[in-house]
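# The following comprises the amino acid sequence and a computationally predicted model.
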Amino acid sequence: MMDPGTAALLSVAALAILIFVRAPLFLALGFAGILGLWLIRGDLGLQTLPLSLTAQLANFTLVAVPLYILIGETLSVTGLGRDLFKTCYTWMSRLPGSLGVASVGSCATFGAMSGVSLSGVAVVGRMAVPAMTERGYKPSFATGAVVAPGALAMLIPPSLMFILYSAVTGVSVAALFAGGIVPGILLALLMAGYIIVVATLKPENAPRTDERFTWGEKFSSLVRVIPAILLIVCILGVIYTGIATPTEAAAVGALGAFLIAGLVYRTLTWTNLRRILVSTVQVSCAVLAIVAAAFVFTKVLVLARVPSTVAEFVGGLALPPFVIMVAIMLVLIVLGCLVDAASLLLVVTPVLVPVVEPLGYDPLWFGVLLVMNLELAVITPPVGLNLFAMKSVAPDIPLSQIIKGVIPYIILEFALLMVMVAVPEIATWLPGLIVG
């Protein structure tokens with residue numbers, strides 16, 4: 001058996017090498033974790049691993065993961081994304097960059113139903129990007145108005161990332177959901193504001209449309225989004241009225257999504273049902289495999305006392321807590337460029353939460369900041385999943401143009417992130433009011 005510190009270093013080195021050679025992340029995390037356990041505890045460490053994994057994956061909170069994925073997959077076969085976009089455009093048509101603003105609104109609303117960013121990009125992007133490019137929007141501007149707002153699903157409840165953070169830390173899922181509402185709305189308004197300003201100052205990016213709608217047409221368009229509003233109210237309503245836990249609310253949402261697909265849009269055919277279930281199983285298995293592998297790896301870090309060592313080191317620095325938090329945010333942004341969002345959350349959370357708590361910060365607040373960093377991760381190259389989701393939706397637009405389109409949104413998100421570091425109440429006020 002090896003010194004735990006040395007074993008942890010070798011384990012981290014193995015992980016870095018496997019990520020560099022593009023090995024699947026669950027394999028990289030799993031191999032690095034098993035290697036570290038074997039080096040620290042020998043065969044005994046490997047013998048206790050299956051029981052530990054079973055206990056981790058039996059966490060009731062994690063039951064919500066496949067259910068929220070099921071919601072997103074079910075809604076993706078309906079015309080709900082199209083109706084959301086059309087309704088938002090009907091109300092926003094007089095604004096500069098109206099189609100882009102409509103994209104932000106429809107992505108935020110879809111995210112409030114599914115909690116999965118990739119679904120929002122795919123569903124809204126199929127409708128919004130062709131509509132914008134046909135009316136003369138620059139391709140980079142059009143794709144940016146979908147890729148970045150699509151990531152709002154990670155922050156606006158119900159968020160899959162908040163569920164994973166809760167599973168690791170034990171922070172209330174309901175409180176985390178509430179903590180994401182105000183930052184999510186602020187970020188959506190910032191994105192919409194950016195589109196309006198750029199469309200006003202540089203109309204060649206987003207030419208104005210000539211379409212105008214009467215008040216009757218505007219109000220009649222709301223009928224199309226009643227199912228979306230009801231689904232959001234059902235999911236969040238049963239949580240905050242105490243009728244159901246967030247996990248049980250996911251089951252309510254899945255039932256609602258099936259009713260919308262089957263009764264409203266009539267798209268729940270046997271072919272679509274098979275596609276929904278197969279895709280849900282595939283994505284759920286991928287996410288839970290990462291969860292299991294990350295647990296193995298973090299177990300090595302805990303055995304090597306990495307969290308407590310890092311906490312002691314940071315506590316000994318003669319720096320203001322604000323400066324330390326800004327440094328942590330910058331490190332997370334860099335890591336987000338290299339590792340996918342779920343893996344990053346599961347690996348860094350057990351290390352960083354023991355660091356920020358002695359500084360006097362709320363783990364709930366840190367969870368919201370962490371998820372905002374993960375939003376940046378999914379829109380920054382080279383592993384930004386939303387970028388590649390958009391590329392699959394709009395294969396004729398070069399990836400370089402898609403990346404160019406999200407750069408202003410990265411700056412906006414970073415600015416809001418720094419404001420939230422300085423003003424924690426943005427994330428903690430509403431949970432204190434609703435959850436207590």
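Looks like it came in fine.
# neighbours of residue 229, just the number please.
Number of residues near residue 229 (other CB atoms under 10 Å) recorded here: 13. In short, each C-beta sits where N, CA and C put it, glycine included.
# Distance check, it against residue 146.
22 Å (CB to CB, to the nearest Å).
# Quick check: closest non-adjacent residue to residue 28.
Beyond its immediate neighbours in the sequence, the residue positioned closest to residue 28 (CB to CB, 6 or more residues apart in numbering) is residue 18, lying 3.6 Å away.
# Next SSE downstream of the helix or strand containing that neighbour?
Using DSSP states H and E, residue 18 sits in helix 4-20. Next helix or strand after helix 4-20 toward the C-terminus (DSSP H and E): helix 25-41.
# mind exporting the next helix or strand after that next one as CSV, just the C-alpha atoms?
Where DSSP H and E defines the elements, the next helix or strand beyond helix 25-41 is helix 43-47. This file holds the C-alpha atoms of helix 43-47, laid out as CSV (Å, rounded to 0.1, in the frame of the first residue of the first chain):
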residue,chain,number,x,y,z
ASP,A,43,-7.4,-5.5,-2.5
LEU,A,44,-9.5,-4.6,0.5
GLY,A,45,-10.4,-1.3,-1.1
LEU,A,46,-11.6,-3.0,-4.3
GLN,A,47,-13.7,-5.5,-2.3
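# Show me which residues of helix 43-47 are buried.
residue 45 (16 or more other CB atoms under 10 Å).
# Stretch 207-223 too?
In stretch 207-223, counting by 16+ other CB under 10 Å, buried: 207, 208, 209, 213, 221.
# of all these, which comes closest to residue 407?
Of all the buried residues of stretch 207-223, residue 207 has the smallest distance to residue 407: 21.5 Å, by CB to CB.
# and the residue nearest to that closest one when sequence neighbours are not counted, what are its phi and psi?
Spatially, and ignoring its direct neighbours in sequence, residue 207 is nearest to residue 136 (4.3 Å; CB to CB, 6+ apart). Backbone torsions of residue 136, given as degrees, to the nearest 10, read phi 90, psi 10.
# count of neighbours near residue 136?
14.
# thinking again about what came up before, which neighbouring elements make contact with the helix holding residue 18?
Packing contacts for helix 4-20, counted by 3 or more CB pairs under 8 Å, 6 or more residues apart in numbering; DSSP states H and E, involve helix 25-41, helix 270-303.
# Buried residues of it, list them for me.
Quick answer for helix 4-20 (16+ other CB under 10 Å): 4, 7, 8, 10, 11, 12, 14, 15, 18, 19.
# cool, stretch 369-384 as well?
For stretch 369-384, a neighbour-count test (16+ other CB under 10 Å) marks 369-380, 383-384 as buried.
# Likewise for stretch 197-205?
By neighbour count on 16+ other CB under 10 Å, the buried set for stretch 197-205 is 198, 199, 205.
# for residue 92, what are its contacts?
Neighbouring residues of residue 92 by CB atoms under 8 Å, 6 or more residues apart in numbering: 98, 101, 102, 105.
# got it, and residue 71?
113, 114, 115, 250, 253, 254, 256, 257.
# Tell me which two in the residues you listed are the farthest apart.
Going by CB to CB, the pair spanning these furthest: 115 and 256, at 13.5 Å.
# For residue 268, give me its contacts.
Contacts of residue 268 by CB under 8 Å, 6+ apart are 74, 77, 258, 261, 262.
# could you check the distance from it over to residue 81?
Counting by CB to CB - residue 268 and residue 81 are separated by 16 Å.
# and if you look at residue 398?
The value you get for residue 398 to residue 81, if CB to CB is used, is 24 Å.
# Between those two, which is the more surrounded one?
residue 81 (24 against 13).
# Output the helix or strand hosting that one in CSV, but only the C-alpha positions, please.
For residue 81, the element it lies in under DSSP H and E is helix 80-92. Presented in CSV, the C-alpha positions along helix 80-92 are these (Å, rounded to 0.1, in the frame of the first residue of the first chain):
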residue,chain,number,x,y,z
LEU,A,80,-44.2,22.6,-28.0
GLY,A,81,-40.9,24.2,-28.9
ARG,A,82,-42.3,25.5,-32.1
ASP,A,83,-45.4,26.9,-30.3
LEU,A,84,-43.3,28.5,-27.6
PHE,A,85,-41.1,30.3,-30.2
LYS,A,86,-44.1,31.5,-32.2
THR,A,87,-45.9,32.8,-29.1
CYS,A,88,-42.8,34.6,-27.9
TYR,A,89,-42.3,36.1,-31.3
THR,A,90,-45.9,37.2,-31.6
TRP,A,91,-45.4,39.2,-28.4
MET,A,92,-41.9,40.5,-29.1
